[in-house]
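Asker: Prediction below, plus the sequence it came from.
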Amino acid sequence: PRATKMNAAKTCLPPNNIPTIMWTCDSCTLENETLVTACTVCGAERLVMEGVEENMTGANTSRRAEKRKAGQLSDSSDSRDTVDGSESPKKRAVRSCRGKAPTFDGSSVPNLIALAKSWDGKQNPTGWLMSEKLDGMRALWDGQGDLWSRAGHKVIAPDWFKKDLPQGMVLDGELFMGRGAFQDLMRVCRRHVPDHEAWKQVIFVVFDAPLIGGGLKARLQAARESGFNNSDSLPFARLHPQTVCRGPDHVRKVLAEVQAEGGEGLMLRKAGAAHQSGRTSDLLKVKTQDEDEALVTGHQKGSGKHSEVLGALVCINRQGKAFKIGTGFTDAVRARPPPEGSVVTFKYMELTQDGIPRHPSFFRIRPDVNRSEFDPSLSFFEFER
């Protein structure tokens with residue numbers, strides 16, 4: 001028997017503290033024995049048992065579902081080991097999540113964060129939702145009392161800053177202090193003991209609720225109903241304003257206006273698309289000059305007036321392409337360059353046919369990006385806070 005491939009909304013919320021996954025059928029592509037997923041909160045693989053069999057086709061599948069409900073079929077009897085004798089994904093999923101209350105930690109964050117691709121200027125974004133690209137720090141509210149950075153580090157925010165954020169709803173957004181204030185923001189957010197006065201200048205700007213089903217409009221509506229209708233109840237958080245895009249010329253017009261006022265760029269979100277983690281074509285960033293992140297793998301000594309300081313950073317991008325960044329440094333950065341293993345943002349004109357950035361220029365250090373994005377062999381938490 002074959003089972004249906006499932007798409008859609010995952011929830012892992014109170015009050016019962018049991019991970020629950022809601023599914024809607026799409027197309028028949030996956031074998032029954034491989035229907036596993038990952039708990040979006042505890043991060044462990046979890047077998048979807050309840051409610052899946054009703055969506056399966058084939059008499060044998062229906063009989064197994066009926067036997068399980070009648071108590072005649074145990075989980076273990078339906079979780080065969082693989083041919084080579086190793087534990088099957090199904091059995092491992094059941095063992096790893098059974099009886100475990102969902103706990104949110106940093107390793108869960110990449111499973112929930114959607115990352116943007118660049119708009120090529122050719123794709124027609126009519127009907128998409130458009131907003132300003134904020135120069136802030138990506139943050140995830142776990143619905144349980146904590147904020148997390150994109151790199152999976154807990155953000156030590158004051159209790160008063162978080163106390164009115166909605167319980168039981170995961171929210172994706174940015175901590176923001178204003179245009180051009182990224183470095184000031186990072187100094188505030190990376191402190192192990194919060195500076196209460198400084199945090200009064202920070203606002204949590206929300207642009208998604210990743211565990212809510214449906215398109216972005218539905219997810220934002222759910223966030224709005226959770227408490228964002230009343231600005232007085234959430235003085236340090238707000239929903240990010242969205243405008244329906246009327247086409248490429250509309251994008252260019254608004255981009256010019258935003259950048260003239262000191263803004264960084266725009267974000268385009270496909271209004272009806274379900275949430276998808278990782279790099280996705282449903283989320284596009286729009287800027288006049290491309291940006292990307294790179295992992296620093298070495299330092300090259302300078303020459304001439306820079307003979308005693310940094311000349312260039314030796315880096316790799318997410319595709320494993322090695323290149324050097326030799327411009328854009330202040331004297332202070334040349335004297336104390338980003339260490340090996342750190343992540344930096346750089347600007348560039350375009351990519352060569354080999355995928356190498358042309359004319360890369362250093363922009364800033366990115367302590368909020370984890371280096372495991374560039375080298376999966378590195379431990380998730382190996383990047384020092």
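Answerer: On my side now, so go ahead.

Asker: use CA for all of it now, contacts and neighbours both
Answerer: Will do.

Asker: Show me what counts as buried in stretch 228-245.
Answerer: For stretch 228-245, burial by neighbour count (16 or more other C-alpha atoms under 10 Å) applies to 228, 234, 236-240, 242, 244-245.

Asker: again with stretch 121-133
Answerer: 125-133.

Asker: Could you report the neighbour count for E225?
Answerer: 11 (other C-alpha atoms under 10 Å).

Asker: hang on, L175 is in a strand, isn't it?
Answerer: Yes: judged by DSSP: H, G, I helix; E, B strand; the rest coil, L175 forms part of a strand.

Asker: What count of nearby residues applies to the residue found closest to it once you drop the neighbours it is linked to in the chain?
Answerer: The spatially closest residue to L175, leaving aside those adjacent along the chain, is F204, at 4.6 Å (C-alpha to C-alpha, 6 or more residues apart in numbering). Residues near F204, counting by other C-alpha under 10 Å, number 29.

Asker: Looking at F204 now. What's its pLDDT?
Answerer: Note for F204: predicted pLDDT of 96.

Asker: Okay, now the sheet partners of the helix or strand containing it, with direction.
Answerer: Element membership for F204 (DSSP states H and E) is strand 203-208. Applying DSSP bridges, strand 203-208 is found paired with strand 171-176 (antiparallel), strand 237-239 (parallel).

Asker: And the contacts of it?
Answerer: By C-alpha atoms under 8 Å, 6 or more residues apart in numbering, the surrounding residues in contact with strand 203-208 are 171-177, 216, 219-220, 223, 236-240.

Asker: what do you get for stretch 335-342?
Answerer: 295-299, 309-310, 344, 365-367, 371, 383.

Asker: buried set for that stretch?
Answerer: Residues 337-338, 341-342 are the ones in stretch 335-342 that count as buried (16+ other C-alpha under 10 Å).

Asker: Also stretch 271-288?
Answerer: By 16+ other C-alpha under 10 Å, the buried positions in stretch 271-288 come out as 271, 274-276, 281-287.

Asker: go on, stretch 297-311?
Answerer: 297, 299, 309-311.

Asker: What mean pLDDT does that stretch get?
Answerer: Per-residue pLDDT over stretch 297-311 has a mean of 90.

Asker: Then stretch 338-354?
Answerer: Taken as a whole, stretch 338-354 has a mean pLDDT of 87.

Asker: bridging residues for V206?
Answerer: In this entry, V206 is beta-bridged to G173, L239, by DSSP bridges.

Asker: Roughly how far does it sit from P158?
Answerer: The spacing between V206 and P158, counted by C-alpha to C-alpha, to the nearest Å, is 18 Å.
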